[in-house]
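Undergrad: coords below, sequence missing:
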């Protein structure tokens, strides 16, 4: 039995001026505590919350006696997290300053500092007593409230001073049990599409990440060329325009929708999801030997790891087991003859060097991932090599054999992004990839 958590962001209704003034005062005192604690922790090389609390708790209580005592606890938690992150960046040479700067602050709350008043309101403990905050619920909020999710004891609050609202970060948790898999769904992530093998059929989901990355790349470039000459590098006007670009949001939406489709199908069939075992930063490893700046940027922003993380998170939510296998040479080896596949002129269709059988690159990768999952192959996958029926591959040398093991079914982004399942998309007239 394991546990999965999800964070839901809910805005409050516009708060009365007196109530909002109390929250602004609370935020100011909390910010001061966090700034003092972060500097102290970095200066003394402290990353442990319990150690920081033991050293600074009494001092904080004497400086802010009007605050509930548990704000000293949560401020120490917040500061230790920031100090730990800063020390890691400093070791990697990515820190720009000698000491961290506290720019944005969210007030951390534990179970002594807030409580649920009703389904659409909460109460917060402040230096002026308990105050009520009415929430503005949305569809996602009701989905978790009515979906057997339990509300965690921790929460965070951030203030929006323009609209006089509080933004509450609520954490929901749910226990799940991983089922025993009856089969496998393999997922091969590429720059502009994701290949999925289900019951002998390979679906090629077009993600369009390449067009998204290049589109935002040229927009940022035009903004920088125009405003950097007029106002200097990193000017306020340029930053304001760049903040309106939603590249991360658009890619995140595609990743979660695709992950939802894959894991739902795995859950329906009681299958395990097979993924490639990537390193810590696969994009950086892929661009080490690439000299073209634009190609380096495309590969680095292609969300290889992001798609996998979304699939893993969704699999945890549905209790689907996830298996990682070694991806080395999966698209270069014939699954029938274990021979090298030769590609020519940049084509995604190659021929087996032993029998001349044509194979699509993504189809080969999916089947090799399936073979390694079934046979274990030194990975954490269970050994299911004796599964009844084996692999349904067409071994004839005829191009694009009858079982369609060589030809993926292309699913355009406009089709799968509408939350259709694999069974529903298969009912449409899908175009076969021309070779």
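TA: Alright, I've got the coordinates. Note that this is a predicted model, so its numbers are computed, not measured.
Undergrad: going forward, measure contacts and count neighbours with C-alpha atoms only.
TA: OK.
Undergrad: now name the helix or strand holding residue 224.
TA: helix 209-231 (DSSP states H and E).
Undergrad: so which residues of the stretch 301-435 of the chain form helices?
TA: Counting by DSSP state H, counting those that start in this stretch, the stretch 301-435 of the chain has these helices, from start to end: 304-318, 361-375, 413-416, 422-426.
Undergrad: let me know which of those helices is tucked in deepest.
TA: Highest mean neighbour count of the helices of the stretch 301-435 of the chain: helix 361-375, a mean of 25 (counted as mean count of other CA atoms under 10 Å).
Undergrad: pLDDT-wise, which helix or strand of this protein ranks last?
TA: helix 422-426 (a mean of 47; mean pLDDT, DSSP states H and E).
Undergrad: pipe the helices of the stretch 301-435 of the chain into JSON lines and attach distance to residue 238 per row.
TA: Below are the helices of the stretch 301-435 of the chain laid out as JSON lines (distance: least, CA to CA, whole Å):
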{"stretch": "helix 304-318", "distance to residue 238": "28"}
{"stretch": "helix 361-375", "distance to residue 238": "41"}
{"stretch": "helix 413-416", "distance to residue 238": "32"}
{"stretch": "helix 422-426", "distance to residue 238": "42"}
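Undergrad: show me where pLDDT drops low in the stretch 1-150 of the chain?
TA: 1 (pLDDT under 70).
Undergrad: show me where it has its helices.
TA: Taking DSSP H, counting those that start in this stretch, the helices of the stretch 1-150 of the chain run over residues 17-43, 49-63, 70-91, 139-145.
Undergrad: name the stretch among those helices that sits most buried.
TA: With neighbours defined as mean count of other CA under 10 Å, these peak in mean count at helix 70-91, which reaches a mean of 20.
Undergrad: picking up where we left off before, who's in contact with the helix holding residue 224?
TA: For helix 209-231, contacts defined as CA atoms under 8 Å, 6 or more residues apart in numbering pick out 191-193, 233-235, 237-238, 241-242, 245, 247, 251, 298, 301-303.
Undergrad: show the average pLDDT along that helix.
TA: Helix 209-231 shows a mean pLDDT of 85.
Undergrad: equivalent analysis for stretch 367-384, please.
TA: On average, stretch 367-384 scores 68.
Undergrad: does residue 259 touch residue 317 like I think?
TA: No: using CA atoms under 8 Å, residue 259 is not in contact with residue 317; the gap is 11.3 Å.
Undergrad: overlap in contacts of those two?
TA: With CA under 8 Å, 6+ apart, residue 259 and residue 317 have no common neighbours.
Undergrad: and stretch 130-144, end to end?
TA: With CA to CA, to the nearest Å as the measure, stretch 130-144 spans 26 Å from end to end.
Undergrad: oh, I was asking about stretch 172-185
TA: End to end - CA to CA - stretch 172-185 spans 28 Å.
Undergrad: list the buried residues of that stretch.
TA: Buried residues in stretch 172-185, counted by 16 or more other CA atoms under 10 Å: 172, 173, 174, 178, 181, 183, 184, 185.
Undergrad: gap between residue 143 and residue 347?
TA: 45 Å.
Undergrad: returning to what we had before: tell me the first helix or strand C-terminal of the helix holding residue 224.
TA: Assignment by DSSP H and E places the next element after helix 209-231 at helix 236-243.
Undergrad: list the contacts for residue 114?
TA: So residue 114 contacts 122, 123, 124, 125 (CA under 8 Å, 6+ apart).
Undergrad: which elements pack onto the helix or strand encompassing residue 296?
TA: Secondary-structure assignment from DSSP H and E places residue 296 in helix 293-300. Contacts defined by 3 or more CA pairs under 8 Å, 6 or more residues apart in numbering; DSSP states H and E place helix 293-300 against helix 209-231, helix 282-286.
Undergrad: now tabulate these in JSON lines and tack on mean neighbour count.
TA: Listed next are those as JSON lines, based on neighbours: other CA atoms under 10 Å:
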{"stretch": "helix 209-231", "mean neighbour count": "14"}
{"stretch": "helix 282-286", "mean neighbour count": "15"}
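Undergrad: let's have those in CSV, adding distance to residue 40.
TA: CSV is the format used below for the helices and strands packed on helix 293-300 (distance: least, CA to CA, whole Å):
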stretch, distance to residue 40
helix 209-231, 37
helix 282-286, 34
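Undergrad: quick one: closest of those to residue 35.
TA: helix 209-231 (31.3 Å; CA to CA).
Undergrad: now the angle from that closest one to helix 293-300?
TA: Relative orientation of helix 209-231 versus helix 293-300 (axes from the mean of the first three to the mean of the last three CA atoms, to 10 degrees): 120 degrees.
Undergrad: chain center to helix 209-231: distance?
TA: How far helix 209-231 lies from its chain's middle: 24 Å, per CA atoms, centre = their mean, to the nearest Å.
Undergrad: so residue 42 touches residue 81, yeah?
TA: No: the pair residue 42 / residue 81 is not scored as a contact, 11.0 Å apart, by CA under 8 Å.
Undergrad: nearest residue to residue 166 in space, please, no chain neighbours.
TA: Leaving aside its chain neighbours, residue 166 sits nearest to residue 159 (4.7 Å; criterion: CA to CA, 6 or more residues apart in numbering).
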